[in-house]
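*Asks:* sequence and computational prediction follow.
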Amino acid sequence: MPEIRSQQQLTDAYEQYKGLLSLRLGKAVNDKTRMVLVCGGTGCQASDSQKIVEKFQKLIAENGLQDQLQAEIAGCFGFCEKGPIVKVLPEEAFYVEVKPADAEEIIAEHI
């Protein structure tokens with residue numbers, strides 16, 4: 001993200017990211033918006049968290065869900081022994097020991 005040097009740049013950045021911020025704060029942008037956060041901590045990265053988020057992104061694209069669901073790598077959730085961890089917002093669903101193959105079932109349960 002570029003350095004913000006003016007009020008206008010701050011306002012523009014806010015407008016661009018307010019939907020994501022709302023989701024992460026537990027406020028759905030609308031009743032169909034969901035976010036899948038995949039732990040990006042060291043232990044989870046070593047256990048295929050990047051492949052998990054890529055699987056979610058592939059399924060989202062294949063099913064035309066781009067307006068309803070986003071999948072991103074997040075920071076560490078602090079439960080490394082149970083990783084990889086996936087969290088679905090805004091309902092705060094929390095999955096542990098997730099494998100890439102679990103992405104289809106998680107999407108089916110929440111969309």
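*Replies:* Perfect, thanks for sending it.

*Asks:* surely V53 meets V38?
*Replies:* Yes. Using Cβ atoms under 8 Å, V53 makes contact with V38 at a distance of 4.3 Å. C-beta coordinates here come from the backbone N, C-alpha and C atoms, glycine included.

*Asks:* residues near the nearest residue to V96 once chain neighbours are set aside, how many?
*Replies:* Distances taken as Cβ to Cβ, 6 or more residues apart in numbering place K82 nearest to V96, at 3.9 Å, with adjacent residues excluded. Taking other Cβ atoms under 10 Å as the criterion, the count of residues near K82 is 16.

*Asks:* swap in Q66?
*Replies:* Other residues near Q66 come to 10 when the count uses other Cβ under 10 Å.

*Asks:* tell me who's in contact with it.
*Replies:* Each residue near Q66 by Cβ atoms under 8 Å, 6 or more residues apart in numbering is listed here: I60.

*Asks:* would you map the helices across this protein?
*Replies:* For the chain, helices defined by DSSP state H occupy the ranges 7-24, 42-46, 49-62, 103-110.

*Asks:* could you tell me the least trusted of those helices?
*Replies:* Taking the mean pLDDT of each of those, the lowest value is held by helix 7-24, a mean of 77.

*Asks:* what is the neighbour count of the closest residue to Q9 other than its chain neighbours?
*Replies:* The shortest distance from Q9 to any non-neighbouring residue, by Cβ to Cβ, 6+ apart, is to P2 (7.9 Å). Close neighbours of P2, defined as other Cβ under 10 Å, add up to 6.

*Asks:* circling back to that earlier point, what touches both of V53 and V38?
*Replies:* By Cβ under 8 Å, 6+ apart, V53 and V38 have these common neighbours: A71, E72, I73.

*Asks:* and these, which of them are buried?
*Replies:* Buried residues within the shared contacts of V53 and V38, defined by neighbour count using 16 or more other Cβ atoms under 10 Å: A71, I73.

*Asks:* on that earlier part again, looking at V53 and V38, which is more packed in?
*Replies:* A direct count of neighbours by other Cβ under 10 Å for V53 and V38 places V38 higher, at 29 against 23.
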